Each structure stands twice: as structure tokens, then as C-alpha cells.
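> Make a model of this:
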Amino acid sequence: MSDEDARLLDELRAAVSNDGDRSDELIDMIMTGYDLTMSGTRIAEMIEESELVAVRSDEPGPRFWTGVVDDIRFDIEVGETSVVGSIEPAMPGRILLHQPEGLTSTELTAAGSFEVARPTSAPFRLYFQPVEGEPIATSWILP
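Reported below is the predicted structural model:
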């Protein structure tokens, strides 16, 4: 990780953990700054689809998101401690989950599915590095 990336992650960590000013504009500004360090990466804008799922109790359940960039589709389920998902069409590669506290990662299965740990409830984004082709990152997700 470069010094610039480390500085931006520190600023993001401070913005998210600060009990005082949690303005959406400040968080968006910091996340946009981080996005600029990932130039050349295609961005899959994620859309929450949790409201489409029938819920039978008042208990909070998993949240579902989907996104498409070019001909690649991301479907994810955000649980309390992990993110489970798939990429279609299936292709070999690695998924990284970025949070202010650090990174976790896993390899995709042959079917294009994955499960990656989500250590905290902080905002995160997924970064897909295929074996062949350009990397793809999701937009920031606020769980």
C-alpha cells in the first residue's frame, strides 16, 4: 500500500469513527479521494435490493445488492460478519474487501462464487482482480 493510500485510509477511518461530525458530504469527499487512487479500475454501481425480499420477522436479516459493469454482474448478500456473492460470468480471480481497518480477501470458486470476511460494520467496497482483464471495484456500500 502506498503512503497516499495509507493516508486516505486513515482519513476515511477518522471520518467514519468520529462521533462528532458524520456529514454525508465529508464521507463522500473522502471516498471520492480514495476512488481517484484506483484510476483505471471499472466501477460497478451497486443497487440495494433488500426491499424486494419478503421478510417474515422484525429481526434484521441479510441485505442484498446487485451491480453490473459491462457484461459482468455482481450479486452479493451482506451478513453480519461476511459478504457472500457471485460474479457472472464465472471467471478466475480474487475478491478483496476494503474497509478503513484493512483488507480481507479470497479466491473465487470455479462457479464464480465467494465468501469474504467483513470484520467490522464500517463501509466497504469489493475489488475484483480477474486473472485476465481489468480490475473492477464496487461502489462503497454502507451496511
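> Only C-alpha atoms from now on, for both contacts and neighbour counts.
Fine.
> Strands along this protein, start to end?
42-44, 47-48, 63-69, 72-78, 82-88, 93-99, 102-107, 113-117, 125-130, 136-138 (DSSP state E).
> mind listing what's buried in the third one?
Judged by neighbour count using 16 or more other CA atoms under 10 Å, the buried positions of strand 63-69 are 63-68.
> go on, the fifth one?
Using 16+ other CA under 10 Å as the burial criterion, the residues of strand 82-88 that qualify are 82-87.
> okay, the residue nearest the centre of the chain: pLDDT?
For the chain, Arg125 is the residue whose C-alpha lies nearest the centre (CA atoms, centre = their mean; 1.9 Å). According to the prediction, Arg125 has pLDDT 90.
> Show me what it bridges to in the sheet.
Using DSSP bridges, the beta-bridge partners of Arg125 come out as His98.
> from here on, count from 57
Understood, numbering begins at 57; the last thing we discussed is Arg181.
> out of the strands of the chain, deepest packed?
The highest mean neighbour count among the strands of the chain, using mean count of other CA atoms under 10 Å, belongs to strand 192-194: a mean of 22.
> helices and strands around that one, which ones?
Secondary-structure packing of strand 192-194 (3 or more CA pairs under 8 Å, 6 or more residues apart in numbering; DSSP states H and E): strand 98-100, strand 181-186.
> what's the average pLDDT for that strand?
Per-residue scores along strand 192-194 average to 90.
> Any idea how far it is from the middle of the chain?
8 Å (CA atoms, centre = their mean, to the nearest Å).
> Likewise for stretch 165-180?
Chain-centre distance of stretch 165-180: 8 Å, with CA atoms, centre = their mean.
> Stretch 127-143 too?
9 Å.
> Now the terminal residues of that stretch, how far apart.
10 Å (CA to CA, to the nearest Å).
> Mind listing residues that contact it?
For stretch 127-143, contacts defined as CA atoms under 8 Å, 6 or more residues apart in numbering pick out 100, 117-124, 144-145, 168-177, 199.
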